[in-house]
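**Student:** Sequence plus the predicted model coming up.
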Amino acid sequence: MTADRFGAIPSGEYTALASVRDLADRGSLAPVEPMPVPCPAPEPGATPGGGARARVPGAGDRWWRPVLPPQHGAWAFLSVPVLCGFAVAGASAAGWLLLAAWLCAYPVGYYLGRALTARRRRGGWTPMARREITRVIPWAALTALLGLPLAVTRPWLIAVGLLLVVLWALGLWIAARRGERSLANDLMLVAQAMVALPLAVAVVAGPDQLAGGLRSSAIQATLVVAAYLAGSVLHVKSLIREAGRTGYRWADVGWHVLLVVGSALANPWWLVGTVPALTRSLAMRPGMRPGAIGVVELVVAVLVVVAAVLAV
């Protein structure tokens, strides 16, 4: 359940990428000369001199229509901390409003990050960069509409927003260095997502509860859920992007063993979510379809939320 800046590699290419990488590591992959790029056929409406009217990708799209990022697992990834925060403090109208604003803010960061990264790499506002900026607008409007009532009644949320901007900027810096699919970038997403758990507790019950009666439960839930999300990153990478690398495979299993032990010591009810997480790490192997992997991750995510309700 990761969400990189430039989208997922199409299904079926991961195994090929892993094979090519392994050949390159052994020195048996010869350099390949770049293939010439064929000139595209003229578009309808080309000028008599042979030039076609330039078309900006997305220019004909309705800029106000929200476009979902192609990172389907990210929605569960972002929802789990908020829902586990509800398990600690209970749910309220303000809490559900926070969840809606939180989910709408993700496409803002996703498409804005793509636009700025494309601009830096291409040296200007290319058609792709402009298209991504237009996709930011409807999501930014929805986020502002949902978040403004919360910011007015809870001004301390502005400081939290600044913290999230800093974490987002760090992720953008990693992406700008061509690390959008790196483990560091995915762990930065975990850090951003985990802000939501204590944030949900503070919005529902008040920030003073983070230092008062709900402190221990909030800390416990934050640590367990953060470890679960980090394990999800390792697991998915070991099956897809890093398929065939035994180091990732052992890191995945070892991390989940520690997760089970640590969660059991915190509260045995956490095992409702962490044992299935370990089981899928042991049972699943590279070669599965990304869609099937996503379904399993969704089931485990639901069980982690159930475990949080039982444990805290």
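**Tutor:** That came through, no problem.
**Student:** How far does stretch 193-200 sit from its chain's centre?
**Tutor:** 14 Å (CA atoms, centre = their mean, to the nearest Å).
**Student:** Confirm for me that residue 278 is in contact with residue 259.
**Tutor:** Yes: contact criterion CB atoms under 8 Å: residue 278 and residue 259 qualify, at 7.0 Å. Every residue, glycine included, has its C-beta placed from N, CA and C.
**Student:** can you give me the helices for the stretch 1-150 of the chain?
**Tutor:** 13-25, 73-89, 93-122, 127-153 (DSSP state H, counting those that start in this stretch).
**Student:** okay, these in CSV with mean pLDDT next?
**Tutor:** CSV is the format used below for the helices of the stretch 1-150 of the chain (pLDDT from 0 to 100):
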stretch, mean pLDDT
helix 13-25, 45
helix 73-89, 92
helix 93-122, 89
helix 127-153, 92
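**Student:** Give the buried residues for the host helix or strand of residue 228.
**Tutor:** Element membership of residue 228, judged by DSSP states H and E, is helix 215-239. Residues 217-218, 220-222, 224-239 are the ones in helix 215-239 that count as buried (16 or more other CB atoms under 10 Å).
**Student:** Kindly format the C-alpha coordinates of the helix or strand following that helix as PDB.
**Tutor:** Going down the chain from helix 215-239, the next helix or strand is helix 246-266, by DSSP H and E. This file holds the C-alpha atoms of helix 246-266, laid out as PDB (Å, rounded to 0.1, in the frame of the first residue of the first chain):
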ATOM      1  CA  THR A 246      15.900 -12.300  -0.400                       C
ATOM      2  CA  GLY A 247      17.000  -9.400   1.900                       C
ATOM      3  CA  TYR A 248      13.600  -7.800   1.600                       C
ATOM      4  CA  ARG A 249      11.900 -11.100   2.000                       C
ATOM      5  CA  TRP A 250      13.700 -11.800   5.300                       C
ATOM      6  CA  ALA A 251      13.200  -8.200   6.500                       C
ATOM      7  CA  ASP A 252       9.500  -8.500   5.800                       C
ATOM      8  CA  VAL A 253       9.100 -11.700   7.800                       C
ATOM      9  CA  GLY A 254      11.400 -10.600  10.600                       C
ATOM     10  CA  TRP A 255       9.700  -7.200  11.000                       C
ATOM     11  CA  HIS A 256       6.300  -8.900  11.300                       C
ATOM     12  CA  VAL A 257       7.600 -11.400  13.900                       C
ATOM     13  CA  LEU A 258       8.700  -8.400  16.000                       C
ATOM     14  CA  LEU A 259       5.300  -6.800  15.400                       C
ATOM     15  CA  VAL A 260       3.400  -9.800  16.700                       C
ATOM     16  CA  VAL A 261       5.600 -10.000  19.800                       C
ATOM     17  CA  GLY A 262       5.500  -6.300  20.500                       C
ATOM     18  CA  SER A 263       1.800  -6.000  20.000                       C
ATOM     19  CA  ALA A 264       1.100  -9.000  22.200                       C
ATOM     20  CA  LEU A 265       3.100  -7.400  25.000                       C
ATOM     21  CA  ALA A 266       1.100  -4.200  24.600                       C
END
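**Student:** helices or strands up against helix 246-266?
**Tutor:** helix 215-239, helix 271-283 (3 or more CB pairs under 8 Å, 6 or more residues apart in numbering; DSSP states H and E).
**Student:** Run the angle between the longest one and helix 73-89 for me.
**Tutor:** By that I understand helix 215-239. Using axes from the mean of the first three to the mean of the last three CA atoms, to 10 degrees, the direction of helix 215-239 lies 160 degrees away from that of helix 73-89.
**Student:** Equivalent analysis for the shortest one, please.
**Tutor:** Orientation note: helix 271-283 sits at an angle of 150 degrees relative to helix 73-89 (the same axes, to 10 degrees).
**Student:** Only alpha carbons, please: show helix 271-283 as CSV.
**Tutor:** C-alpha atoms of helix 271-283 as CSV (Å, rounded to 0.1, in the frame of the first residue of the first chain):
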residue,chain,number,x,y,z
LEU,A,271,-3.0,-10.0,17.6
VAL,A,272,-6.4,-9.9,15.8
GLY,A,273,-4.6,-7.7,13.3
THR,A,274,-0.9,-8.5,13.6
VAL,A,275,-1.1,-12.3,13.4
PRO,A,276,-2.9,-12.1,10.0
ALA,A,277,-0.2,-9.6,8.9
LEU,A,278,2.5,-12.1,9.8
THR,A,279,0.6,-14.9,8.1
ARG,A,280,0.3,-13.1,4.8
SER,A,281,4.0,-12.2,5.0
LEU,A,282,4.9,-15.9,5.3
ALA,A,283,2.4,-17.2,2.8
